[in-house]
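Enquirer: model this:
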Amino acid sequence: MSKLLIVDDDVEILDLLKRFFVRHAYEVEVACDGVAMWASIKNQRPDIIILDVMLPGEGGLSLCQKLRAESNLPVVMLTAMSEVSDRIIGLELGADDYLTKPFDPRELLARLRSVQRRTSEQPLRSVDETRPVIVFGDWQLDVTRRELRSAQGVMVPLSGGEFDLLRVFVDHPQRILTREQLLDLARGHSHDAFDRSIDVQVSRLRRKIEPDSKRPDIIRTVRNGGYIFTASVGRQ
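Expert: Residues are numbered from 1 along each chain as shown. Alright, predicted model coming up:
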């Protein structure tokens with residue numbers, strides 16, 4: 001049974017979602033603000049979080065940013081804001097997915113399950129189980145542990161979405177991939193995400209693996225094409 005933490009200051013939404021997810025075999029904890037969220041994370045150790053953007057005190061975007069700085073815990077954000085820029089901010093800060101209010105709980109359940117599949121510790125498709133560490137440039141990507149390490153052995157935190165996108169790139173080096181292909185390969189299901197969501201995650205990856213993210217050499221943009229991963233890829 002997966003442990004789910006729902007963070008929202010709307011008591012009615014908390015009650016509705018708790019009853020809904022309990023019926024779908026989740027162990028559910030709720031929190032109404034950031035203080036309660038951190039306490040629940042420490043005491044209950046959830047497997048995934050549903051986090052509302054608009055919270056009393058510290059907002060959901062700030063909480064997501066702090067959470068991502070110290071953990072790879074999957075986060076699905078809820079927002080009443082439908083503007084593209086607001087969604088981009090959530091992705092920039094490391095959210096794995098987002099859903100705009102009002103929403104159907106069944107869609108939220110589908111998003112949650114999809115994120116859990118993508119961020120589970122099981123190797124992704126086409127993994128060579130006898131050689132689970134992928135090497136490119138000065139980097140090592142441990143597929144089983146979902147960890148990225150530098151040549152010095154320093155681990156670089158990746159969100160679930162960033163890991164999945166990087167995995168697609170290392171599986172398809174020296175090949176131009178369109179944004180639509182990247183979405184399909186990284187998420188593996190029909191998704192209403194806009195093209196810019198891939199651009200945001202590419203930008204985040206560049207800041208983590210490129211010597212100069214403003215002049216990227218590993219993940220290059222192909223005009224009117226998409227992106228190409230230029231590094232040579234090997235396995236250990």
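
Enquirer: Strands of the chain, start to end?
Expert: Using DSSP state E, the strands of the chain run over 2-7, 26-31, 48-52, 75-79, 97-100, 133-136, 139-142, 147-149, 155-156, 176-177, 219-222, 226-229, 233-235.

Enquirer: Would you tell me which of those gets closest to I209?
Expert: Nearest to I209 among the strands of the chain is strand 139-142 (6.0 Å), distances taken as C-beta to C-beta. For the C-beta atoms, the positions are set from N, CA and C on the backbone; glycine is no exception.

Enquirer: ok, the closest one: who's next to it in the sheet?
Expert: Strand 139-142 has the following strand partners under DSSP bridges: strand 133-136 (antiparallel), strand 147-149 (antiparallel).

Enquirer: What mean pLDDT does the longest one get?
Expert: The one in question is strand 133-136. Strand 133-136 carries an average pLDDT of 91.

Enquirer: Likewise for stretch 142-155?
Expert: The pLDDT scores in stretch 142-155 average 88.

Enquirer: Now the terminal residues of it, how far apart.
Expert: Stretch 142-155 has its terminal residues 10 Å apart, counting by C-alpha to C-alpha, to the nearest Å.

Enquirer: do stretch 152-166 as well
Expert: With C-alpha to C-alpha, one end of stretch 152-166 sits 20 Å from the other.

Enquirer: what's next to it, contact-wise?
Expert: Surrounding stretch 152-166, the residues in contact under the criterion C-beta atoms under 8 Å, 6 or more residues apart in numbering are 68-72, 74-75, 91, 94-97, 115, 118-119, 124, 141, 146-150, 182, 186-187, 198, 201-202, 204-205, 208-209.

Enquirer: Of those residues, which belong to helices?
Expert: Among the contacts of stretch 152-166, DSSP state H puts 68-70, 91, 115, 118-119, 182, 186-187, 198, 201-202, 204-205, 208-209 in helices.

Enquirer: and of the strands of the chain, who's closest to L109?
Expert: strand 26-31 (9.0 Å).

Enquirer: Identify the residues contacting the closest one?
Expert: Residues outside strand 26-31 that contact it (C-beta under 8 Å, 6+ apart): 1-8, 14, 17-18, 21-22, 37, 39-40, 44, 46.

Enquirer: still on that earlier bit, out of the strands paired with strand 139-142, which gets nearest to I228?
Expert: Set against I228 and scored by C-beta to C-beta, the strands paired with strand 139-142 come closest in strand 133-136, at 13.2 Å.

Enquirer: to the chain's geometric centre, what's the distance from that closest one?
Expert: Strand 133-136 sits 21 Å away from the centroid of its parent chain (C-alpha atoms, centre = their mean, to the nearest Å).

Enquirer: Only the C-alpha atoms, please, for it, written as PDB.
Expert: Backbone C-alpha positions of strand 133-136 (Å, rounded to 0.1, in the frame of the first residue of the first chain) are rendered in PDB as follows:
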ATOM      1  CA  VAL A 133      25.300   2.000 -14.700                       C
ATOM      2  CA  ILE A 134      25.300   4.200 -17.800                       C
ATOM      3  CA  VAL A 135      28.400   6.400 -18.400                       C
ATOM      4  CA  PHE A 136      28.500   9.600 -20.500                       C
END
